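Participant: Next comes the sequence, and after it the predicted model I'd like to discuss.
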Amino acid sequence: MLAVENLSKTYHTVGAFFGRDQHRVTAVHEVSFVIRPGEAFGLVGESGSGKSTLARLIIGLERPTRGRVFISGTDIGTLTQRALRALRREVQIVFQNPYTALDPLMAIGASIEEPLVNFTSLGKTERQRQVLDLLHDVGLAKRLLHAYPYQLSGGERQRACIAKAIALRPKFLVCDEVVSSLDKSVQVQVLHLLKDLKQQYGLTYLFISHDLAVVNYLCDRVAVMLRGEIVELGGRQEVLFQPAHPYTQALMASTSYFLKDTAYEKGRT
Amino acid sequence: MAVERVLELDMDRVPANPRTEIVTAFFRHRTAMAGLFGLIALIVLSTLGPSVVGHDPTATDILAIYASPSSSHLLGTDQLGRDLLTRLLYGGRVSLLVGLMATLMATVIGCAYGVFSGMAPKWLEYPMMQLLDALHAIPVILLVIVSEVFGESSLIKMVLVIGLASWMGIARMARTECRRLMEADFVKGAIVAGASPTRLVFRHLLPNMFAPLIVVVTVGIGQAILLESTLSFLNLGVPTTVPSWGNLLGNGMSSVLGGAWWTVLFPGIMIVLTVLSMNLVGDGLRDLIDPKNRSIGS
Amino acid sequence: MTKTPLLSVSHLKSYYFSAQGLIRAVDGVSLDLYRGDILGIVGESGSGKSTLALSLLGLLDPPGRIEEGGIQFQGEDLPTLDEAGWQGIRGKKIGMIFQSPEGSFNPISTIGRQISEALRTHRSLSRKEADKEAEVALARVRMPQPKEVFERYPFELSLGMCQRASLALALSLNPSILIADEPTASLDIVSQAEMARLFSELQETRNLSMIIISHDLGLVRTIADRVAVMHAGKIVEEGPTEQVLEAPRHPYTQGLVSSELRLDR
């Protein structure tokens, strides 16, 4: 489904006059992994570990400094803008902050409809019908069709973002910290929705999160990222409950400390 | 935080468009309303006024040279006995028209340049910004002198000169806004949702730039009117045969020494009132779109 | 229980008078904090818990204000105090830390200097003595290399370190109560765990009483002795942590607890 090969991204902070390079920051360094069709692949790391950069590289919003990204066997680095745009029918993203992810001046319905307008030749009535279906699928009331983003709660907005992302029935969905700005009780609802949609739409997920409990809930395989590099990768059980890398161990120890949870301790012995 | 929650619960009311909310808020803003009222008055006076007053702005009357304000000439007459009130109202047409058209032109050029450079790749963006800085450094007077080469002064030429002299500020603002928006998730989301560059610009970028833009444009119209007056006063502006506020001022300068104070006072008042109204409206809009004062947007 | 509370909130109502109408952010809250206890207040965004924190510190700005109710502390009813009265309490007797630690510091001065300045404004110390005490304050919050950190600017520290430093600042004047509003929400999970351990340690070693306001059940479960669950401006359930979080009686608490993600299911 998706393969990432030696992917690196270096940012230059540019000096004032004709861009003499001052600093380089390596956000992603030599990252390789494969995501299989139908799986939920978790990417764990703290803020600043390069996970969001990785997400943007994968959906082609940014170009890598080195390395390649393959989606369904196609190297997206070789694609023209037009071909890349066509590929977007299959690869969509949901962002972390639902408060900035919807155009504040567009009604919810219009936002969800946007990909249909851009990619399909459907008539207005058919698009409206599909938007209503999508609203239903993500558990939003019909009357929110004409509401504006600022009138919705965080959870509702995130549902709208998800509806927009699945409007074209993509195969692959990148979820970049989609629940971290939501209340805990809303988090579970949204995660539950994502789990359902995975079944219903046959989705493959790249699920990025800093929260191990969230990743544990949804993902089949997990990669742990630290300062731009993947330090551990494997099945959910092994990585979370028998972590080999000290960083993963520290993350798990801290997470289970708060949960007074014995699952991790059991795995350790 | 608590405020937001209560609003969220209040979902049964009819969803309001965020733009309508700004408009409603604008009508509650006192100084902005004063400015708007002043502007409407000026526009009405200068469009309908001349036909009501009943004098011809070019009709000379040698028997009434430098007549002081009286019942037949409310604001007095000038050195050729032309009715000042009539000329002032006609001048309003010219000055407002030049200000509006020039700013419109500056807005179109500025937005196009700003949005283009804001969306352009880095290697193109920097030269474009440096070119903008260079253009900003050209004095208006130089532009005017160069324009003299292209024939007689005319209203259209005045609009072109002022427009060309004032689009850089708008371009700079448009570019900053554009770059800010390009970083926003909803614009990235639109790109991922397959929006073409045209759709991106017209559906997402420009509408979201509208609020800050309208402030700059409003204040810009005032500035353009000032510039027109200055240039006309120096005889570099609209043809001296056409009454504009600047021309009237220029005319009056020699007369005021002879005691005809009204020839300078009234055009001066008109210019001050117009620019003041524009600035009040602009300030009001600025208050309303200040993120600290609004509940909408990000 | 025969203990008398150190701080006692009774029927507190804090309202916002906004253009959209009256908002009852805190709507009749009663709470007792006992000496040496950690009281956790949990609630989701919009429950009014932050408004409660601001009310307890006299930091509620218009259009918000305390409408009714009392806050008894050391024989004084805090809502009746004027700003000068609050100055004697806030920081000195009731310390505070907030979600974003950068907010506690002036970005253009060093951490050590700021703690030492705070000490000198409240006590007559020489600069040298104050600097020394600031260093001790930093060491007390288990700051690694306190001497190093003393010379650092806030932006040079990680968020976790910075929150530690703001705790050092808050504790430098020996307050008897610490109020922490979402103290771990902006931190990474490892720093969160370190912070939680630090709270427990401070409670033991210094007999510090704390009110920890958080959306995070995990944090509250780990360190609090008692828990109050806040919803829509009201306390819906209050009691010993174990009882409230393991066997919640109120449906809202039950919902909160059941929506918590755990590693073992």
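Facilitator: Yep, it's here. Residues are numbered from 1 along each chain as shown, chains lettered A, B, ... in the order given.
Participant: Can you show me the strands along chain C?
Facilitator: Taking DSSP state E as the test, the strands found in chain C are C:7-18, C:21-33, C:38-42, C:64-73, C:76-77, C:94-97, C:177-181, C:209-214, C:226-231, C:234-240.
Participant: What residues does residue 120 make contact with?
Facilitator: With no chain named, the answer covers chain A. Contacts of residue A:120 were listed using C-beta atoms under 8 Å, 6 or more residues apart in numbering or on different chains, and they are A:127, A:168. Every C-beta, even on glycine, is put in place using the N, C-alpha and C of the backbone.
Participant: hm, I was asking about chain C
Facilitator: Contacts of residue C:120 (C-beta under 8 Å, 6+ apart): C:127, C:130.
Participant: Could you do the one 5 residues further on as well?
Facilitator: Residues in contact with residue C:125, defined by C-beta under 8 Å, 6+ apart, are C:119, C:133.
Participant: If the residue nearest to the spatial centre of chain A is in a bridge, with which residues?
Facilitator: Among the residues of chain A, the one closest to the centroid is residue A:175, at 1.8 Å (C-alpha atoms, centre = their mean). As for beta bridges, residue A:175 partners with residue A:94, residue A:207 under DSSP bridges.
Participant: from memory it sits against residue A:206, does it?
Facilitator: Yes: with contacts counted by C-beta atoms under 8 Å, residue A:175 reaches residue A:206, the gap being 7.0 Å.
Participant: what does the longest helix along chain C rub up against?
Facilitator: Assignment by DSSP state H gives helix C:189-206 as the longest helix of chain C. Defining contact as C-beta under 8 Å, 6+ apart, one finds that helix C:189-206 is touched by A:46, A:210-212, A:250-251, A:253-255, A:257-258, C:36, C:38, C:141-142, C:158-160, C:163-164, C:167, C:171, C:178, C:180, C:183-184, C:187, C:208-210, C:212, C:219, C:222-223.
Participant: Would you mind checking the residues you listed for buried ones?
Facilitator: The neighbour count (16 or more other C-beta atoms under 10 Å in any protein chain shown) marks A:46, A:210-212, A:251, A:253-255, A:257-258, C:36, C:38, C:141-142, C:159-160, C:163-164, C:167, C:171, C:178, C:180, C:183-184, C:187, C:208-210, C:212, C:219, C:222-223 as buried among the contacts of helix C:189-206.
Participant: if I pick the residue of the stretch 51-200 of chain B found nearest chain C, what's in contact with it?
Facilitator: For the stretch 51-200 of chain B and chain C, the shortest gap (C-beta to the nearest C-beta) falls at residue B:185, measuring 19.5 Å. If you count contacts by C-beta under 8 Å, 6+ apart, residue B:185 has them with A:95, A:96, A:97, A:100, A:101.
Participant: How many residues are close by the residue lying closest to the second one once chain neighbours are set aside?
Facilitator: Distances taken as C-beta to C-beta, 6 or more residues apart in numbering or on different chains put residue A:177 closest to residue A:96, at 3.8 Å, once the chain neighbours are dropped. Residue A:177 has 20 neighbours, counted by other C-beta atoms under 10 Å in any protein chain shown.
Participant: Distance check, residue A:177 against chain B.
Facilitator: The spacing between residue A:177 and chain B, counted by C-beta to the nearest C-beta, to the nearest Å, is 11 Å.
Participant: Within the helices and strands, which one has the residue lying closest to residue B:106 once chain neighbours are set aside?
Facilitator: By the measure of C-beta to C-beta, 6+ apart, the closest residue to residue B:106 outside its immediate chain neighbours is residue B:167, 3.8 Å from it. Using DSSP states H and E, residue B:167 sits within helix B:155-183.
Participant: any idea how far the following helix or strand past that helix is from the chain center?
Facilitator: Counting by DSSP H and E, the next helix or strand C-terminal to helix B:155-183 is helix B:185-192. Averaging C-alpha positions (C-alpha atoms, centre = their mean, to the nearest Å) puts helix B:185-192 33 Å from its chain's average.
Participant: which residues touch the most centrally placed residue in chain C?
Facilitator: The centroid of chain C falls nearest to residue C:180 when counting by C-alpha atoms, centre = their mean (1.6 Å). Counting by C-beta under 8 Å, 6+ apart, residue C:180 touches C:96, C:97, C:98, C:199, C:210, C:211, C:212, C:213.
Participant: Format those as a markdown table; extra columns: distance to residue B:112 and pLDDT.
Facilitator: Shown next, in a markdown table, are the contacts of residue C:180 (distance: C-beta to C-beta, whole Å; pLDDT from 0 to 100):
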| residue | distance to residue B:112 | pLDDT |
| --- | --- | --- |
| C:96 | 51 | 91 |
| C:97 | 50 | 91 |
| C:98 | 45 | 88 |
| C:199 | 57 | 93 |
| C:210 | 58 | 94 |
| C:211 | 56 | 95 |
| C:212 | 54 | 95 |
| C:213 | 51 | 94 |
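Participant: how near is residue A:5 to chain B?
Facilitator: On the measure of C-beta to the nearest C-beta, residue A:5 and chain B end up 22 Å apart.
Participant: Identify the residue nearest that residue in space, chain neighbours excluded?
Facilitator: Nearest to residue A:5 is residue A:68, by C-beta to C-beta, 6+ apart, at 4.7 Å.
Participant: Mind giving me the packing neighbours of the helix or strand where residue B:115 lies?
Facilitator: Element membership for residue B:115, per DSSP H and E: helix B:84-119. Contacts defined by 3 or more C-beta pairs under 8 Å, 6 or more residues apart in numbering or on different chains; DSSP states H and E place helix B:84-119 against helix B:30-53, helix B:122-136, helix B:155-183, helix B:206-233, helix B:245-256, helix B:262-289.
Participant: The fourth one: which residues count as buried?
Facilitator: Okay, so that is helix B:206-233. By neighbour count on 16+ other C-beta under 10 Å, the buried set for helix B:206-233 is B:206, B:208-209, B:211-233.
Participant: Then the second one?
Facilitator: Applying a neighbour-count criterion of 16+ other C-beta under 10 Å, one finds B:125, B:126, B:128, B:129, B:132 buried in helix B:122-136.
Participant: before we move on, what about the third one?
Facilitator: When burial is assessed from 16+ other C-beta under 10 Å, helix B:155-183 yields the following buried residues: B:155, B:157-175, B:177-178, B:181-182.
Participant: rewinding a little: list the buried residues of the helix holding residue B:115.
Facilitator: So, applying 16+ other C-beta under 10 Å, buried residues of helix B:84-119: B:84-99, B:101-107, B:109-111, B:113-119.
Participant: Helix, strand, or coil at residue B:152?
Facilitator: Secondary structure for residue B:152, judged by DSSP: H, G, I helix; E, B strand; the rest coil, is coil.
Participant: swap in residue A:41?
Facilitator: Residue A:41 ends up strand, using three-state DSSP.
Participant: How many residues are close by the residue in the stretch 101-250 of chain C positioned nearest to chain A?
Facilitator: For the stretch 101-250 of chain C, the residue closest to chain A is residue C:218, as judged by C-beta to the nearest C-beta, at 3.1 Å. Residue C:218 has 27 neighbours, counted by other C-beta under 10 Å.
Participant: For it, which non-adjacent residue is spatially closest?
Facilitator: Spatial nearest neighbour of residue C:218, chain neighbours left out: residue A:258 (3.1 Å); criterion: C-beta to C-beta, 6+ apart.
Participant: where's that neighbour, which helix or strand?
Facilitator: Here residue A:258, judged by DSSP H and E, is contained in helix A:246-259.
Participant: From the contact counts, what lies against that helix?
Facilitator: Checking 3+ C-beta pairs under 8 Å, 6+ apart, helix A:246-259 ends up next to helix A:212-218, strand A:221-226, strand A:229-235, helix A:263-268, helix C:189-206, helix C:217-223.
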